[in-house]
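Engineer: Just to be clear, the model below is a prediction. Sequence and coordinates:
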Amino acid sequence: MTKLHDLIRAQIQYNASDLILKVNSPPIMRVDGDLKLLDLPPLNKVDIETGLVELLSKKQLEEYKKMFELDFSYTTSTGERFRINLFKQKGNLGGVFRLIPSKIPTLDEIGFAAGLKEMTLRPRGLIVVTGPSGCGKSTTQAALLDHRNTNDKCHIVTVEDPVEFIHKNKQALVTQREVGKDTHSFANALKFVLRQDPDVILVGEMRDLETIALAITAAETGHTVITTLHTADSISTIDRIIDVFPPHQQNQIRMQLSLNLLCVVSQNLLKRADGKGRIAVAEILIATPAVRNLIREAKTHQISSILQTSQQLGMIAFDASLASLVKKNVLAREEAESKSLNPDTFHKEMEQLSKSG
């Protein structure tokens with residue numbers, strides 16, 4: 001157990017987002033997006049099993065033995081929190097530790113548009129935060145929720161797998177429920193959440209058709225719902241939500257989504273030009289009447305033109321956001337181009353900014 005404790009302390013010291021443990025490999029950390037192989041001997045089977053198994057309750061150990069997969073949270077004696085995934089690889093136990101920031105950042109600190117604050121305080125509607133794994137979706141979710149918690153007397157209910165950021169009651173009452181510990185599944189929790197008198201519902205992830213349908217219904221019935229998806233941009237997010245449903249239901253879902261969507265925040269993390277960590281870059285789509293109409297009429301491909309011409313409303317396309325940060329010398333052009341959704345669009349955005357001075 002000493003070895004694992006030492007590695008956890010090192011992860012905290014280096015502010016590494018992830019610690020990867022694998023049999024016959026030295027420990028690996030991800031720092032500012034890059035994998036770093038630690039100058040340590042390879043871990044053997046006993047090292048990993050002894051350390052990881054001691055973190056588990058009897059019930060968690062039984063679940064891992066049954067499923068060969070397990071997600072859970074862990075808090076050190078000094079208060080640092082981790083989201084841990086256990087898995088099997090070539091018959092051996094492995095694990096990944098994701099370090100959860102101790103402080104919930106504000107939306108201002110993340111650098112997102114002020115319009116998101118107003119969206120978070122809306123009495124009803126759906127807010128979807130999207131992006132690849134490890135792009136900071138959970139942090140953005142937590143910042144959105146914290147803004148509501150700070151500014152509104154309401155009841156917030158979260159359903160997470162596992163619970164990551166701990167939200168203390170501020171203006172709001174916060175109830176946090178963990179899948180596997182407090183409820184059997186996202187879908188099961190959402191079936192009963194409306195009887196728990198919530199104003200705001202956070203769904204850690206929309207994983208399947210049933211969860212998506214229940215999240216949309218919760219927004220439709222007068223609640224603010226904040227959730228995530230693994231999609232690259234706002235248009236693919238809308239299409240993914242609709243395409244999950246069978247063809248005969250898609251017109252109905254388009255109508256429901258067009259009426260209840262508030263905004264989509266599609267983000268990624270990029271290295272700062274000055275080498276001081278990473279910055280969240282986001283595309284922000286706000287569901288204006290024009291956007292709602294395109295969703296309803298199955299013309300989501302036309303939303304990109306609205307994104308490009310509606311910055312005064314608080315919207316911005318991802319590649320335009322990249323170009324703006326390059327112009328401000330926050331990002332290196334090479335880094336921005338490598339993470340752009342469409343390099344041609346990024347180049348055009350850079351050209352327009354150059355012409356405008």
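Structural biologist: Happy to help now that I have it.

Engineer: Walk me through the domains of this protein.
Structural biologist: Per automatic domain parsing, the structural domains of the chain span 2-100, 107-316.

Engineer: all strands of this protein, in order?
Structural biologist: Under the criterion DSSP state E, the chain contains strands at 18-21, 28-31, 34-37, 69-75, 81-89, 92-100, 125-130, 155-160, 173-178, 200-203, 224-229, 261-271, 278-286.

Engineer: Could you give the average pLDDT over the first one?
Structural biologist: Predicted confidence along strand 18-21 averages 96 (mean pLDDT).

Engineer: Show me what it packs onto, helices and strands only.
Structural biologist: helix 2-14, strand 28-31, helix 45-53, strand 92-100 (3 or more CB pairs under 8 Å, 6 or more residues apart in numbering; DSSP states H and E). For glycine as for every other residue, the C-beta is placed from the backbone atoms N, C-alpha and C.

Engineer: buried ones in the third one?
Structural biologist: Meaning helix 45-53. D47, I48, G51, L52 (16 or more other CB atoms under 10 Å).

Engineer: same for that helix, what does it pack against?
Structural biologist: Helix 45-53 packs on helix 2-14, strand 18-21, strand 92-100, going by 3+ CB pairs under 8 Å, 6+ apart.

Engineer: Turn the ones you listed into JSON lines, columns for mean neighbour count.
Structural biologist: Converted to JSON lines, those look like this (neighbours: other CB atoms under 10 Å):
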{"stretch": "helix 2-14", "mean neighbour count": "15"}
{"stretch": "strand 18-21", "mean neighbour count": "20"}
{"stretch": "strand 92-100", "mean neighbour count": "19"}
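
Engineer: so which of those comes closest to M206?
Structural biologist: strand 92-100 (19.7 Å; CB to CB).

Engineer: ok and that closest one relative to helix 45-53, angle-wise?
Structural biologist: With axes from the mean of the first three to the mean of the last three CA atoms, to 10 degrees as the basis, strand 92-100 and helix 45-53 are set at 50 degrees to each other.

Engineer: Just give the nearest non-adjacent residue to L55, would you?
Structural biologist: Y74 (5.6 Å; CB to CB, 6 or more residues apart in numbering).

Engineer: and if you look at I279?
Structural biologist: Nearest one to I279, counting by CB to CB, 6+ apart, is R272 at 5.5 Å.

Engineer: which residues touch the one you found?
Structural biologist: R278, I279, V330, L331 (CB atoms under 8 Å, 6 or more residues apart in numbering).

Engineer: try I156
Structural biologist: 145, 148-149, 167, 172-175, 198-202.

Engineer: With N268 instead?
Structural biologist: G131, P132, C135, A280, V281, F318, K339.

Engineer: Just the buried ones out of these, please.
Structural biologist: Using 16+ other CB under 10 Å as the threshold, G131, C135, A280, V281, F318, K339 are the buried ones among the contacts of N268.

Engineer: which among the residues you listed gets closest to L40?
Structural biologist: Using CB to CB, these come closest to L40 at C135, 28.4 Å.

Engineer: How about the closest one: what's its closest non-neighbour residue?
Structural biologist: N268 (4.8 Å).

Engineer: From A317, how far out is that neighbour?
Structural biologist: 13 Å (CB to CB, to the nearest Å).

Engineer: on that earlier part again, can I get the strands of the chain in TSV including distance to I253?
Structural biologist: Formatted as TSV, those follow (distance: least, CB to CB, whole Å):
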stretch	distance to I253
strand 18-21	35
strand 28-31	37
strand 34-37	39
strand 69-75	28
strand 81-89	31
strand 92-100	32
strand 125-130	12
strand 155-160	21
strand 173-178	26
strand 200-203	17
strand 224-229	14
strand 261-271	11
strand 278-286	18
